[in-house]
Structures are given as C-alpha cells and as structure tokens.
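Participant: Here is a sequence with its predicted model. Questions after.
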Amino acid sequence: MEGINLNQIGVSFKGSGSYVPNQILTNHDISEKVDTSDEWIKSRTGISQRRISGLEEDVSQMGYKAALKAIKMTNWDIETIDLIILATSTPNDLFGSAPSIQEKLGANNAVAFDLTAACSGFLFAAITASQFLKTGSYKRAIVIGSDQLSSYVDWNDRRSCILFGDGAGAIAIEATNEFDNLIGFDMRTDGQRGCFLNLSSQNNQDVIVNNINCSTGGFSSITMNGQEVYKFAVREVPLIIDNLLKKNKYSSENVDWLLLHQANKRILDSVGDRLNISKGKILSNLSNYGNTSAATIPLILDEAVRNNKIKQNDVIATSGFGAGLSWGAALIRWG
Ligand code: ACO
C-alpha cells in the first residue's frame with residue numbers, strides 16, 4: 001500500500017484478462033452420458049459446449065493466468081498492487097485460494113482473500129474492492145472470478161450437468177480522484193429461497209475418542225430447481241437494473257452494453273426485452289463456455305474489450321445472480 005489518500009473519490013477500470021481450459025465438452029459428448037440431445041440443450045439454454053479443467057488445473061491456476069493478463073493490460077508494476085479478491089465457490093483450498101494467486105503473481109505488497117457469492121461473486125467482489133479504493137485505503141486492486149464447477153456437477157443429472165463449465169476472468173481497478181466509473185450498484189440476497197440452488201457440505205460422522213463425535217468434511221453435488229432459478233432470474237434481474245438506472249438518472253438508451261451473468265440465453269433475452277435493450281447490445285458467449293459461475297462476467301468482459309466491442313467510456317449495465325439466492329447490479333463506465 002502506498003499510503004492513505006483521502007482525496008480518492010472514485011475508481012477507474014484499467015484492464016481485463018481471462019483464461020479457459022483447453023478441454024472442450026460438447027453437447028454431443030454429454031448426450032453419450034445422459035439422455036439429452038444437442039438440439040434440446042441449444043434450444044433451452046443456448047449452450048453448445050463448455051470447457052473442463054484438466055487434472056493439473058485448479059481455481060488458483062486459472063485465476064492466476066487471468067489476473068496476469070489483466071495486469072499486463074495496465075503496465076502496473078506488480079509490487080504496487082494493494083488488494084486481490086478472488087470470487088469463487090470452488091476454491092482448491094478451503095482456507096482460501098487467493099493467497100496462492102498472490103504468491104504466483106509475486107504481488108508481495110497485496111492482501112489477498114476469497115469471497116463467495118456463487119454466480120454473483122465477481123460482481124460482489126468488484127463492488128467490495130471498489131469500496132476500499134474509494135475510501136482511500138488502497139490504490140490498486142485485482143478482482144478475479146474463477147470457478148471449477150465441473151468437479152461438483154452430478155454428471156448423471158441431465159437437468160443440471162448441461163449448464164456448467166470452468167474458467168476464469170479478472171479485472172484491474174484503480175482509485176482516482178478525478179471521476180468515478182462505478183456509477184452505481186446494488187446487491188441483494190434472499191436466504192429463504194436458498195434451497196433452489198445448493199452445493200452443500202455432506203458430513204459423515206466420525207468418532208474421535210470414546211463418546212466424542214465429529215463430522216468429516218466433504219461436499220455433495222450441485223442440486224438445482226431449474227424452473228425456480230429461472231423464474232427468480234427473469235423477475236429480479238430486470239428489476240434491480242431498472243431501479244439502478246433510474247436512481248442514477250440513466251435510461252436504457254444510455255446503456256451501450258448489457259453484460260449479464262451467462263446462465264441461459266433465454267434469461268439474457270428475457271431481461272433484455274424487459275429493459276427494452278436491443279439484442280445487439282446484449283453480450284453473450286454462452287454458446288462456447290456455458291455457465292462458469294463467478295467467471296462469466298469477467299470472461300465475457302475481457303473478450304469484448306479485446307475484440308474492440310467494449311470501448312473506452314462505454315456504459316455497461318452488468319448483473320450477477322445465482323445461488324444464495326443472491327443478485328446484484330452495477331452501472332459502470334469502462335476505462
Ligand atoms: N435433456 C432433455 N430433456 C431434459 C433435460 C435435458 N438435459 N433436462 C430436463 N429435461 C426434461 C425434463 O425432464 C422435463 O421433462 P418432462 O416434461 O417429461 O418432465 C422437460 O425437459 C422440461 O424440464 P424443465 O425443467 O421444465 O426445463 P426448462 O425449460 O425449465 O429448462 C433449465 C431447464 C435449462 C435448467 C432451465 O430451467 C434453466 O436454465 N434454469 C436456470 C438455471 C440456472 O441458470 N442455474 C444456474 C444459476 S447461477 C449459479 O449460481 C450457479
């Protein structure tokens with residue numbers, strides 16, 4: 001940390017990076033395992049294939065590769081990074097995977113920690129990091145979304161296994177005292193509806209000594225009520241974005257890009273319709289990667305920045321939503 005600066009009032013988005021594993025799992029491949037078809041999956045979800053990490057890959061390795069690319073876009077000296085937040089639900093170390101990314105990067109002056117909020121995780125992490133920057137506590141932050149859901153999918157459950165894939169994305173955020181490119185945000189959770197999507201611990205009982213029992217750690221596979229999650233997304237996401245736009249005196253015409261968590265093409269289209277945002281402004285890469293949980297937003301953001309779709313000063317309405325249930329939205333200006 002270079003020192004507290006109480007004049008910092010805003011943040012600026014300086015770089016992006018992403019990484020996906022090489023292994024490709026197509027809909028045809030899945031149809032060899034469970035009773036489904038390429039046609040069904042494409043028409044109900046928009047997904048054609050997804051990436052699956054190999055045995056040698058994990059969340060911190062994928063996150064490191066994405067973070068390094070984001071840092072390269074900035075030309076920052078790695079020693080000047082103050083904060084690294086890793087959004088993940090599938091850490092390779094339950095004590096936290098972010099410090100191992102810090103170590104791989106050689107970001108010796110940064111504090112690094114994990115944040116878990118499922119598919120809203122990256123958005124929540126980017127907002128959290130921005131608060132440290134806006135208060136003047138820190139100057140430079142890397143926010144990473146990295147997930148390896150393939151390890152927790154029940155590959156015999158056709159209702160959920162078709163959706164998920166692995167990957168990572170990252171952004172570099174810097175404090176500034178000239179403007180604020182995080183125009184506004186909102187975050188919500190509703191634990192009452194949490195039962196619709198879970199990746200719960202599965203405890204077995206063990207005896208330590210005599211009558212003292214404990215439970216051994218472990219996790220079951222993802223369980224999901226797809227219809228309820230779908231209804232939740234198409235109801236809450238347009239609402240939270242619409243309120244955010246109104247609160248900040250923006251209209252949907254002022255939005256250059258709608259950047260939603262990539263869960264299902266029908267959810268993207270429905271949210272776009274409800275907000276009156278044209279199809280050409282809705283970013284989508286679901287077909288190639290499926291739902292990579294905390295990674296979807298920075299992954300597609302990085303693709304769009306690198307192929308010159310998203311340009312400096314473009315206004316992006318973004319929303320993450322998923323297990324918790326959790327959801328949130330941010331209105332940002334890129335750059
Ligand atoms: N292939 C063929 N048939 C299938 C498949 C499949 N893969 N999956 C379900 N079906 C069948 C069902 O058995 C059912 O058959 P039935 O009518 O004979 O009982 C029929 O298709 C319809 O099933 P629905 O569950 O109603 O299908 P739906 O149109 O709702 O699509 C889907 C299912 C794609 C899962 C959808 O509900 C969805 O996308 N929901 C959102 C899920 C989501 O995004 N989850 C992640 C959130 S982010 C996070 O935090 C991780």
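Facilitator: All right, it came through fine. Numbers count the residues shown, from 1 in each chain.
Participant: Return the distance of A125 relative to S284.
Facilitator: From A125 over to S284 the distance is 22 Å, taken as Cβ to Cβ, to the nearest Å. For every residue, glycine as well, the C-beta is placed using N, CA and C.
Participant: Neighbours of whichever residue of the stretch 201-335 of the chain sits closest to the ligand, how many?
Facilitator: Relative to the ligand, the nearest point of the stretch 201-335 of the chain is G322 (2.0 Å; Cβ to the nearest ligand atom). G322 has 24 neighbouring residues, counting by other Cβ atoms under 10 Å.
Participant: Can you tell me the closest non-neighbouring residue to N109?
Facilitator: E79 (5.6 Å; Cβ to Cβ, 6 or more residues apart in numbering).
Participant: To clarify, my last question referred to Q102.
Facilitator: Q102 sits nearest to A112 (Cβ to Cβ, 6+ apart), 3.9 Å away.
Participant: if we can go back for a sec, out of A125 and S284, which sits in the busier spot?
Facilitator: Taking other Cβ under 10 Å, A125 and S284 do not tie; A125 has more neighbours (29 against 17).
Participant: dump the residue contacts of that one.
Facilitator: Contacts for A125 (Cβ atoms under 8 Å, 6 or more residues apart in numbering) come out as 85-87, 115, 117, 143-145, 294.
Participant: which pair in the residues you listed spans the largest distance?
Facilitator: Farthest pair in the contacts of A125 (Cβ to Cβ) is A117 and I144. Separation: 13.6 Å.
Participant: overlap in contacts of these two?
Facilitator: 87, 125.
Participant: Who has more neighbours out of these two?
Facilitator: Using other Cβ under 10 Å as the criterion, A117 and I144 rank with I144 on top: 36 against 24.
Participant: quick revisit: quick one: the residue of the stretch 201-335 of the chain closest to the ligand and L260 touch, right?
Facilitator: No. Using Cβ atoms under 8 Å, G322 is not in contact with L260, being 11.3 Å away.
Participant: who's in contact with S319?
Facilitator: Shown in contact with S319 (Cβ under 8 Å, 6+ apart): 123, 237, 240-241, 259-261, 271, 327-330.
Participant: no wait, P21
Facilitator: 51-54, 57, 62, 166-167.
Participant: quick one on the thing from earlier: restricted to buried residues, select the contacts of A125 in PyMOL.
Facilitator: The buried subset of the contacts of A125, as determined by 16 or more other Cβ atoms under 10 Å, is captured in PyMOL by this line:
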select buried, resi 85+86+87+115+117+143+144+145+294
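Participant: of all the contacts of A125, which comes closest to S12?
Facilitator: Set against S12, the nearest of the contacts of A125 by Cβ to Cβ is V143 (13.4 Å).
Participant: Hmm, that closest one is touching A168, no?
Facilitator: No. Using Cβ under 8 Å, V143 is not in contact with A168; the gap is 11.5 Å.
Participant: Between those two, which contacts overlap?
Facilitator: Shared contacts of V143 and A168, defined by Cβ under 8 Å, 6+ apart, are found at P298.
Participant: what residues go with each domain of this structure?
Facilitator: Domain assignment for the chain, taken from automatic domain parsing, gives 10-180, 183-193+222-333.
Participant: Distance check, M62 against the ligand.
Facilitator: Distance of M62 to the ligand, computed by Cβ to the nearest ligand atom, to the nearest Å: 17 Å.
Participant: now that residue, nearest residue through space, not along the chain?
Facilitator: Nearest one to M62, counting by Cβ to Cβ, 6+ apart, is A168 at 3.7 Å.
Participant: Repeat that for K279.
Facilitator: Sequence neighbours aside, G272 is the residue nearest to K279 in space, at 6.4 Å (criterion: Cβ to Cβ, 6+ apart).
Participant: So the one you found lies in a helix, does it not?
Facilitator: Yes. Judged by DSSP: H, G, I helix; E, B strand; the rest coil, G272 forms part of a helix.
Participant: which residues does it contact?
Facilitator: By Cβ under 8 Å, 6+ apart, G272 lies in contact with 258, 278-279, 281-282.
Participant: residues from the chain in reach of the ligand?
Facilitator: 36, 40-41, 44-45, 118-119, 158-159, 162-163, 197, 224, 226-227, 229-230, 263-264, 291, 293, 322-323 (Cβ under 6 Å from any ligand atom).
Participant: Which among those count as buried?
Facilitator: 36, 41, 44-45, 118-119, 158, 162-163, 197, 224, 226, 229-230, 263-264, 291, 293, 322-323.
Participant: Mind checking which of these are in strands?
Facilitator: Judged by DSSP state E, strands contain the following of these: 197, 224, 322.
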